[in-house]
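Novice: Kindly return the folded structure for what I paste below:
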Amino acid sequence: MATETPAIARIIPLIYVAGPLAAPNPLAVRRNIERARDLGLLVAECGAYPVIPHTNTGEFFGLLNEETLWRPAALELLKRCDGIVLTDNWHKSSGATGEFELAAAHGMLSIVIDDRCEQHQMARERQRLTAYIDKIRRELAHKLDVTIVPPVFTDVPL
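Specialist: Next comes the predicted model:
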């Protein structure tokens, strides 16, 4: 009886980016959106697909009810992701706190990235994030019983 060889797959985890959105004025809201976007870019550079609710709906902030639409929809989006990365100030946001709690309740791996650290410390944060994404990729491969082929991002400078 021949042993089956596992399928080969390119696994790109979906990583939810969480952090504050609400702020006292429109400029501060814009800065929070940019901060989440920048962290999402780092996620992509490290080999995962960033899911960034801030950039999906941030322009609509304050136009519709947060409690009946935005927050429940963001939590639904989070449930479909493989992991969550949080800005280092996530605990200041009730929304990000709820996202962290939901991720923990679903057994999702999480990581806090010091996204405002000094340039010389950013290499360490990038290494931590890459290791986190690789761990998720291995868990997904094990769950799916496939062999991993790493993603190739030739257009993203590392």
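Novice: Return the set of buried residues in the longest helix belonging to the chain.
Specialist: The longest helix of the chain (DSSP state H) is helix 119-144. The neighbour-count check on helix 119-144 (16 or more other C-beta atoms under 10 Å) flags Glu125, Leu129, Thr130, Tyr132, Ile133, Asp134, Ile136, Arg137, Leu140, Ala141 as buried. All C-beta spots, glycine's among them, are computed from the backbone N, C-alpha and C.
Novice: got it, and stretch 75-89?
Specialist: Leu75, Leu77, Leu78, Cys81, Asp82, Gly83, Ile84, Val85, Leu86, Thr87, Asp88, Asn89.
Novice: likewise stretch 41-58?
Specialist: So stretch 41-58, judged by 16+ other C-beta under 10 Å, has buried residues 42-48, 50-54, 57-58.
Novice: Excluding sequence neighbours, find me the nearest residue to Gly19.
Specialist: Distances taken as C-beta to C-beta, 6 or more residues apart in numbering put Thr87 closest to Gly19, at 3.3 Å, once the chain neighbours are dropped.
Novice: how close does that neighbour sit to Asp114?
Specialist: In this structure, Thr87 and Asp114 are 9 Å apart, going by C-beta to C-beta, to the nearest Å.
Novice: next one: Arg80
Specialist: Taking C-beta to C-beta as the measure, Arg80 falls 27 Å from Asp114.
Novice: ok, back up a step: which of the buried residues of stretch 75-89 lies closest to Gly98?
Specialist: Leu75 (7.0 Å; C-beta to C-beta).
Novice: Great, nothing more from me.
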